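Chemist: build me a model from this:
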Amino acid sequence: MSHNQAPVFDLTQLDAAMLDELARHYEEEGYSILGGLEELATRRYLPVLAQTAGVSARELDAMLDPQSPERMLPEDLRKKFSRVSTPESLAGDLVRSFRPVLARLLGPVVHVSRDFHAQFKCGVTGRVGYGGYDAQASFLEVHGAYQLHQDFTGASLPTSPAALILWVGLNECPDWPVRFYPRSHKLGLLCRRFVPVDHERLPEIGQPMEFHARPGTGIVFNSLLLHGTGDGGALRRVSCDIRFFPSCPWLGSEPRQLVDSPMAFLDARMDRETAPTLRAPLLENLALVGRMAENVQAPPRSILNWANYLNEVLNGDPAQGPVHIERFANSEIGMEPPEAYVKQLHGRPMQAVTLERIREALGAPQPSLEEAEPAEIGNI
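Modeler: Numbering: from 1, shown residues only. Prediction:
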């Protein structure tokens, strides 16, 4: 289950050839391991965590010690770390550091999640079997091992299955690794709820891999990749994970332009990109500006079904949207029936202001909100 055989892409040495290889690996496996992150990412989180906790840099350094004698953090600190607000300084730095990777994997516009997880895995037995941030459980998800899940279907609102997660280790620890199932992002919608690590259908999904925390390294993975936490141990693992979304009108966060000419970028990438995971966010952008034209050929369980869903609800017949969600769901080895995902995802209103800003960021002509039809401003 080790990741030792997987390539590591050192972003301090990034060039066009490496970016191509990184993108191909992400397309095929659903993840890519990154190196050279000490200055690009790791150290950027530390002042944010210190300020969030109200501690000094020296006190935070003691908390990062894998052998820290304090097995559990006080509840007030667990609460703070369970949902850390993303300051503009951090969001801007990460976008600048990862701009070529983000543009290649997500397209010309990106949203950064407004908050992120800070995990201090230690001192808790058992597994966390719920999503989000749970006050009733005293915010113990900061310490506990997560059951398996897909971030796209585990979210409280629709986002994009093309979104990616950047997971960065802040200390070196052999315990509490990230456990994930390579290529599971190609299996469509597998679960809405968290799945036990011994679920009877997991052998049909494949063999898991594990990635251990080490400063200066991280992993980016697709939001459909089935993942959770590996087995615990005596040592404390500290990590942060933040999410990046392609243009997404359900979010309230500001869309950030990654390239000078977004529509020209989309046209150029569409001419060259045929692989579904990398093509999907490009099509989603085109659907949002009304330029996708006809729906694409999307096999069952393919991520491209979501682009067809967007195109239908914004530019076609919204009543046909559920057909594409049902086609996206895995009815063979998935843990829930297709109609469960329709209920979860369909008919959720988009944010009109966000959609307008996305269209502005993409440089696309758009009607005024007063003149737009309800479907055009995302009122589905």
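
Chemist: which residue ranges of the protein form strands?
Modeler: With DSSP state E as the criterion, the chain has strands at 8-10, 31-35, 84-85, 109-112, 115-121, 127-128, 145-146, 164-169, 173-180, 209-213, 218-222, 227-229, 237-245, 256-257.

Chemist: what's the pLDDT at residue 218?
Modeler: The per-residue pLDDT reported for residue 218 equals 97.

Chemist: leaving out sequence neighbours, find the closest residue to it.
Modeler: Setting aside the residues directly before and after it, residue 218 is nearest to residue 168 in space (CB to CB, 6 or more residues apart in numbering), at 4.0 Å. To be clear about C-beta, it is placed using only N, CA and C from the backbone, and glycine gets the same treatment.

Chemist: if that neighbour is in a bridge, with which residues?
Modeler: Taking DSSP bridges as the rule, residue 168 bridges to residue 218, residue 240.

Chemist: picking up where we left off before, mean pLDDT for the strands of the chain: which is lowest?
Modeler: Among the strands of the chain, strand 127-128 scores lowest, at a mean of 78.

Chemist: and it, what does it pack onto?
Modeler: strand 145-146 (3 or more CB pairs under 8 Å, 6 or more residues apart in numbering; DSSP states H and E).

Chemist: can you put the strands of the chain in a markdown table and add distance to residue 65 and mean neighbour count?
Modeler: Converted to a markdown table, these look like this (distance: least, CB to CB, whole Å; neighbours: other CB atoms under 10 Å):
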| stretch | distance to residue 65 | mean neighbour count |
| --- | --- | --- |
| strand 8-10 | 25 | 16 |
| strand 31-35 | 23 | 23 |
| strand 84-85 | 20 | 16 |
| strand 109-112 | 29 | 26 |
| strand 115-121 | 11 | 22 |
| strand 127-128 | 23 | 18 |
| strand 145-146 | 20 | 24 |
| strand 164-169 | 14 | 24 |
| strand 173-180 | 10 | 23 |
| strand 209-213 | 13 | 21 |
| strand 218-222 | 20 | 26 |
| strand 227-229 | 20 | 24 |
| strand 237-245 | 9 | 23 |
| strand 256-257 | 35 | 17 |
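
Chemist: would you turn the ones you listed into a markdown table with distance to residue 297?
Modeler: Listed next are those as a markdown table, based on distance: least, CB to CB, whole Å:
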| stretch | distance to residue 297 |
| --- | --- |
| strand 8-10 | 31 |
| strand 31-35 | 26 |
| strand 84-85 | 42 |
| strand 109-112 | 25 |
| strand 115-121 | 36 |
| strand 127-128 | 39 |
| strand 145-146 | 35 |
| strand 164-169 | 24 |
| strand 173-180 | 29 |
| strand 209-213 | 31 |
| strand 218-222 | 21 |
| strand 227-229 | 29 |
| strand 237-245 | 25 |
| strand 256-257 | 30 |
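
Chemist: quick one: pLDDT of the residue nearest to residue 291 when sequence neighbours are not counted?
Modeler: Excluding its sequence neighbours, the residue lying closest to residue 291 (CB to CB, 6+ apart) is residue 364, at 7.3 Å. pLDDT, residue 364: 71.

Chemist: just checking, residue 364 touches residue 286?
Modeler: No: counting by CB atoms under 8 Å, residue 364 stays clear of residue 286, with 9.4 Å between them.

Chemist: thinking again about what came up before, could you check how far the residue nearest to residue 218 is from residue 45?
Modeler: Plainly put, residue 168 is 7 Å away from residue 45 if you go by CB to CB, to the nearest Å.
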